[in-house]
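[1] the sequence and its predicted three-dimensional model are supplied below.
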Amino acid sequence: MSVHLHDHAEWTDPLEPASRELLEHRWPDATKVFSARGLDNYVKGAAALRGLGRGHELVNAWIDSAPQVAAEIGEDVVGDLASTALLLASKTSGAVIELVLATAPTAARRLADGALFMQYLQFLNTLVAQAPRGLRPLLGQLDALFGQLTLGGLRRWATWGAQAHRTNYEEQIAYFGLRSKESLAMLQQERKGTLLVDVQRRINMYLRALWGRDFFMRPTAGDYESREGYRPFIEDHFIHLPDAYDAVEGSAGTVDATQLYRAAAAHAAAHVVFTRRPISAESLSPWQMALIGLIEDARIEALTLARFPGLRPLWAQLHTAQASHNQTAGDCLNRLARALLDPAYEDAHPWIAQGRALFAEALPRMQADPHDNTVSWALGVQLAHSYRELTQGSSYQPRTDGQTAAYRDDNRYFWAFDGFDFERSIAAGYEPPQQLRKQVNLMEFVNELEVEGAGDDAQEIWVLGTELFPYEDLGVSFNESEGREPVLPPVHYGEWDHMIQLERPAWATVQERRPKAGDVAVIDGILTEHRRLIGRMKYILDAMQPQGVQRIRKLEDGDDIDLNAALASVIEMRMGRQPDPRIMMRSVRKTRDISVLVLLDLSQSTNDKVAGQEHTVLELTRSACALLADAIQKVGDPFAIHGFCSDGRHDVNYWRFKDFDQPYDDVAKARLAGMEGQLSTRMGAAIRHAAASLKAQRSSKKLLLVITDGEPADVDVRDPQYLRHDTKKAVEEAGRSGVMTYCMSLDPRADQYVRRIFGERHYLVVDKVEKLPEKLPVLYAGLTR
């Protein structure tokens with residue numbers, strides 16, 4: 001391939017004279033930023049755009065913009081820019097495509113990363129379908145928008161405008177042209193404090209002044225759905241920092257975004273300088289890995305502070321853990337992180353003191369060999385073993401118990417995993433490994449050594465076809481003697497994809513878990529606390545009691561003659577009066593024939609405290625269920641109480657606290673007392689599983705009562721509409737099977753989505769969550785009247 005323009009004559013000769021002249025003028029600049037292959041693609045791109053027949057201005061925009069884009073973020077994205085322009089030809093006018101190309105250098109300069117620029121091109125393709133009249137004014141304001149928004153913020157701002165003004169083209173143009181109050185209000189809501197592209201040059205100079213060398217930095221965007229960026233990370237020797245930071249609250253006041261960028265960049269650069277060898281993660285638990293990572297962070301910071309003591313205040317102000325924080329393993333983790341960095345921080349906890357002492361003892365060894373990170377491995381493992389002995393804290397939850405110091409990276413840089421790389425395989429489209437359940441015979445079962453530490457989430461579970469009894473054969477199986485129910489196989493359900501309007505078969509997996517037992521006294525205490533409410537409900541419950549057989553008299557058409565009415569009619573006839581023709585009666589059996597299943601959302605958000613209250617949402621839900629169960633038991637309806645949460649589509653956890661064929665006794669009360677909130681809310685699969693249990697009941701009426709504190713969501717779903725549509729489909733499927741679904745939502749903002757999911761008059765939004773224990777039994781009485 002040639003770098004001379006005349007060698008590409010077959011592609012340049014058909015161009016308009018003005019385009020050829022501009023190409024000759026831009027060719028020297030193009031040869032500086034393009035390789036030979038890049039120059040070939042550059043010329044062919046111009047020829048392809050000419051073939052659209054949209055005028056030479058479009059070709060001129062390509063000739064002028066492509067070298068500028070390549071100079072900013074490399075030539076690899078230029079081909080995608082040409083492909084996007086060609087795709088837009090069937091969706092919009094040539095003038096808009098020309099504007100896309102003309103503003104591409106601005107986008108490349110503000111995003112400063114090839115991957116983000118490709119996401120920007122995908123965003124344009126989506127927007128032209130959602131708001132075709134909005135693309136031109138948006139491109140006209142692109143520089144101003146990227147000056148205030150990240151790519152994620154721009155997408156949220158544009159999506160809101162496209163949905164709000166879908167059919168009003170004039171409002172659409174005003175919104176995307178920043179001429180409406182709504183547009184400016186949403187812009188203010190989505191804007192970030194400081195963009196990396198605005199301070200990247202200063203951060204580079206800052207690191208060069210510290211270490212006397214250059215570091216490669218790239219922005220990364222992770223805030224499309226949640227307005228929260230990714231944590232900093234290091235990959236392939238590039239330091240990846242969030243594309244925007246807001247000011248954060250530190251231990252000594254507000255820390256501005258520029259200071260936060262300096263702290264994050266200095267910490268990541270210290271890793272690049274001092275962490276030269278990877279640390280093996282083989283045979284380590286998540287808790288051990290978390291502590292090893294924390295010690296490694298403290299090690300490289302201690303080595304850096306030996307050279308640059310002035311960095312200590314910069315890092316220390318971003319640690320906000322206090323000695324009074326002792327609720328979770330994450331609290332202890334953050335207290336230890338602050339203790340190892342800040343000598344002025346006081347914490348008398350024995351585990352924190354042990355960590356400080358061990359780190360101080362190992363510090364000379366670290367300084368003697370600054371690249372030896374085996375010290376971090378040894379200290380981390382030792383502290384992980386002593387945690388249980390010296391603390392009464394809860395077990396470690398990897399998803400929630402991380403380091404909270406905003407400047408620290410996720411430590412993926414120094415971990416070495418032998419064998420298959422699951423993260424990259426998932427990114428490439430492979431599915432994560434599933435739990436293996438193997439049906440075995442008796443001899444295989446008894447001869448295999450059981451792994452004592454394995455739980456319900458073990459990689460492989462062996463299942464015996466029948467209950468196993470001890471050799472003495474006392475009539476009690478091992479499961480029954482240990483208080484463990486037999487392991488149930490996972491159940492697979494389809495899931496509705498609203499984008500393709502098809503159901504994905506066997507897409508979600510529901511795995512039933514054994515509920516933990518709590519203290520029965522908790523439930524008894526709830527009933528005692530609400531005895532006045534129970535007293536007020538007595539008359540409602542008495543009215544709901546089945547009345548047996550009742551005779552309905554004074555009917556013209558019935559099953560039997562009402563002798564009293566017949567005699568009265570004969571007397572009237574003898575007296576010459578008009579008799580009453582209603583001399584029949586009918587015997588009606590007044591019974592209740594309904595089964596009720598209460599399905600509880602037990603996601604992590606239920607652990608949050610109610611505004612202005614000391615109780616959590618979970619505690620109020622437990623109280624409401626205890627009162628409801630007491631009421632249903634008095635009425636005599638068959639009922640069940642189940643709960644669910646999820647950790648991706650392959651692991652929808654499901655608990656049966658009380659089933660239809662089980663009595664409401666101390667065992668069921670203990671299970672209610674022991675329920676916990678965790679993980680996410682994949683509601684569609686849980687509703688399908690609950691509806692399957694209800695369909696097995698012989699009652700003529702079946703009611704599924706869903707209690708949730710938020711909308712459907714899960715860790716592996718980015719589109720907020722996906723699980724909403726799937727849940728709506730699950731409700732419709734349950735309705736076709738004779739199951740009526742009713743939702744009680746504790747989210748005060750639920751009206752905007754719960755009506756679409758469950759239908760009009762099939763939901764109730766509880767604005768005051770503290771009233772839940774009072775409202776739930778009354779709601780049940782109204783629904784089953």
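    In hand now; what should we look at?
[2] for the stretch 451-600 of the chain, which spans come out with low pLDDT?
    Applying pLDDT under 70 to the stretch 451-600 of the chain flags the ranges 451-459, 465-467, 471-475, 477-487, 536-550, 587-592.
[3] what segments of it are helices?
    With helices called from DSSP state H, counting those that start in this stretch, the stretch 451-600 of the chain shows them at 478-481, 520-529, 531-536, 538-544, 563-574.
[4] so where do the strands sit in the stretch 251-400 of the chain?
    Listed in chain order, the strands of the stretch 251-400 of the chain (DSSP state E, counting those that start in this stretch) span residues 253-255, 279-280.
[5] show me what counts as buried in the biggest helix by length in the chain.
    Identified as the longest helix of the chain according to DSSP state H is helix 286-307. Going by neighbour count (16 or more other C-beta atoms under 10 Å), the buried part of helix 286-307 is 287-304. Heads up, the C-betas are built off the backbone N, CA and C, glycines and all.
[6] roughly how far is it from the heart of the chain?
    Offset of helix 286-307 from its chain centre (C-alpha atoms, centre = their mean, to the nearest Å): 29 Å.
[7] now do that helix, average pLDDT.
    The pLDDT scores in helix 286-307 average 91.
[8] who are the packing partners of that helix?
    helix 257-274, helix 311-316, helix 329-341, helix 350-368, helix 374-390 (3 or more C-beta pairs under 8 Å, 6 or more residues apart in numbering; DSSP states H and E).
[9] and the second one, what's its mean pLDDT?
    Average pLDDT, helix 311-316: 92.
[10] who touches it?
    251, 259, 262-263, 266-267, 301, 304-305, 338, 341-342, 345, 405, 407 (C-beta atoms under 8 Å, 6 or more residues apart in numbering).
[11] make it 7 Å
    Helix 311-316 is contacted from outside by Gln259, Arg262, Ala263, Ala266, Glu301, Thr304, Leu305, Leu341, Asp342, Tyr407, using C-beta atoms under 7 Å, 6 or more residues apart in numbering.
[12] out of those residues, which is most surrounded?
    Tyr407 (26 neighbours; other C-beta atoms under 10 Å).
[13] picking up where we left off before, deepest of the strands of the stretch 251-400 of the chain, which one?
    Most buried of the strands of the stretch 251-400 of the chain, by mean neighbour count (mean count of other C-beta atoms under 10 Å): strand 279-280, with a mean of 16.
[14] what does that strand contact?
    With contact meaning C-beta under 7 Å, 6+ apart, strand 279-280 is reached by Ile292, Asn373, Ser376, Trp377, Phe414, Trp415, Ala416.
[15] list only buried entries from the residues you listed.
    The neighbour count (16+ other C-beta under 10 Å) marks Ile292, Asn373, Ser376, Trp377, Phe414, Trp415 as buried among those.
[16] so the third one makes contact with Ala298?
    No - applying C-beta atoms under 7 Å, one finds Ser376 not in contact with Ala298, separated by 8.3 Å.
[17] for the strand ranked longest in the chain, buried residues please.
    Assignment by DSSP state E gives strand 502-513 as the longest strand of the chain. In terms of neighbour count (16+ other C-beta under 10 Å), strand 502-513 has its buried residues at Trp507, Ala508, Thr509, Val510, Gln511, Glu512, Arg513.
[18] and the residue nearest to the fifth one when sequence neighbours are not counted, what does it touch?
    Translated: Gln511. Leaving aside its sequence neighbours, Gln511 sits nearest to Pro490 (C-beta to C-beta, 6 or more residues apart in numbering; 4.8 Å). For Pro490, the contact set (C-beta under 7 Å, 6+ apart) comprises Thr509, Val510, Gln511.
[19] re earlier: would TSV of the contacts of strand 279-280 with distance to Asp666 be doable?
    Output for the contacts of strand 279-280, formatted as TSV (distance: C-beta to C-beta, whole Å):
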residue	distance to Asp666
Ile292	44
Asn373	53
Ser376	49
Trp377	47
Phe414	51
Trp415	47
Ala416	51
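[20] identify the farthest-apart pair in the residues you listed.
    Ser376 and Ala416 (13.3 Å; C-beta to C-beta).
[21] Glu556: what's it in contact with?
    Shown in contact with Glu556 (C-beta under 7 Å, 6+ apart): Pro581, Arg582, Met584.
[22] ok, and the most crowded of the residues you listed?
    Most neighbours among the contacts of Glu556, by other C-beta under 10 Å: Met584, with 18 neighbours.
[23] can you tell me the closest non-neighbouring residue to that residue?
    Nearest residue to Met584, sequence neighbours excluded (C-beta to C-beta, 6+ apart): Gly558, at 3.2 Å.
[24] do you know how far the one you found is from Met585?
    5 Å (C-beta to C-beta, to the nearest Å).
[25] so for stretch 216-226, mean pLDDT?
    On average, the pLDDT along stretch 216-226 is 65.
[26] kindly report the same for stretch 674-692.
    In this model, stretch 674-692 carries a mean pLDDT of 92.
[27] can you give me the end-to-end span of it?
    Taking C-alpha to C-alpha, to the nearest Å, stretch 674-692 runs 25 Å from one end to the other.
[28] contacting residues for the closest residue to Tyr245 other than its chain neighbours?
    Of all residues not flanking Tyr245 in the chain, Ala257 sits nearest, at 3.9 Å (C-beta to C-beta, 6+ apart). Contacts for Ala257 (C-beta under 7 Å, 6+ apart) come out as Gly193, Thr194, Tyr245, Asp246, Ala247.
[29] so how far is Arg531 from Ala257?
    55 Å.
[30] over to Gln163?
    To Arg531, Gln163 is 49 Å away according to C-beta to C-beta.
[31] how about the contacts made by the nearest residue to Leu15 once chain neighbours are set aside?
    Leaving aside its chain neighbours, Leu15 sits nearest to Arg50 (5.9 Å; criterion: C-beta to C-beta, 6+ apart). If you count contacts by C-beta under 7 Å, 6+ apart, Arg50 has them with Pro14, Leu15, Val59.
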